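> Make a model of this:
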Amino acid sequence: MTVMMAKLYAALRAGDVPDEIARAAAEEAAGYENRAGKIETDLTVLKWMVGANMAMTSAILFKMFA
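Numbering: from 1, shown residues only. Below is the predicted model of the structure:
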């Protein structure tokens, strides 16, 4: 089952774009939106990993020099 952006599809149809082309464009745009969401989720995980690494490194350095 394909996901489609309804507002984009409606706007393309209002601009007299043929149904098949409008549907394909709306489905492709929805695919890009899904990929962007996955990248955003991956970046959130990476931010937490870097933060945890910095905290551990700071704790080790503090323990070594204090």
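
> what about residue 24, how many neighbours?
The number of residues packed near residue 24 is 15, by other C-beta atoms under 10 Å. Just so you know, the C-beta spots here come from the backbone N, C-alpha and C atoms, and that holds for glycine as well.

> Can you say which helix or strand has it in it?
helix 19-65 (DSSP states H and E).

> could you give the mean pLDDT of that helix?
Helix 19-65 shows a mean pLDDT of 92.

> where's residue 55 relative to residue 62, distance?
11 Å (C-beta to C-beta, to the nearest Å).

> To clarify, my last question referred to residue 6.
54 Å.

> now residue 10
59 Å.

> Look at the two and report which has more neighbours.
A direct count of neighbours by other C-beta under 10 Å for residue 10 and residue 62 places residue 10 higher, at 12 against 9.

> Show me what counts as buried in the helix or strand hosting that one.
Using DSSP H and E, residue 10 sits in helix 6-14. For helix 6-14, a neighbour-count test (16 or more other C-beta atoms under 10 Å) marks 8, 9, 12 as buried.

> Could you do stretch 24-41 as well?
Buried, per 16+ other C-beta under 10 Å, within stretch 24-41: 25, 26, 30.

> Pick the one among those residues closest to residue 46.
residue 30 (25.1 Å; C-beta to C-beta).

> Test my guess that the closest one contacts residue 6.
No - with contact defined as C-beta atoms under 8 Å, residue 30 does not reach residue 6; the gap is 9.5 Å.

> so what sits against both of the two?
Counting by C-beta atoms under 8 Å, 6 or more residues apart in numbering, residue 30 and residue 6 have no common neighbour.

> quick revisit: contacts for the helix holding residue 10?
Residues contacting helix 6-14 (C-beta under 8 Å, 6+ apart): 19, 21, 22, 23, 25, 26, 29.

> and that helix, average pLDDT?
Here the average pLDDT along helix 6-14 is 90.

> starting at the chain centroid, how far to it?
Put simply, helix 6-14 sits 23 Å off its chain's centre (C-alpha atoms, centre = their mean, to the nearest Å).

> again, but for stretch 46-57
22 Å.
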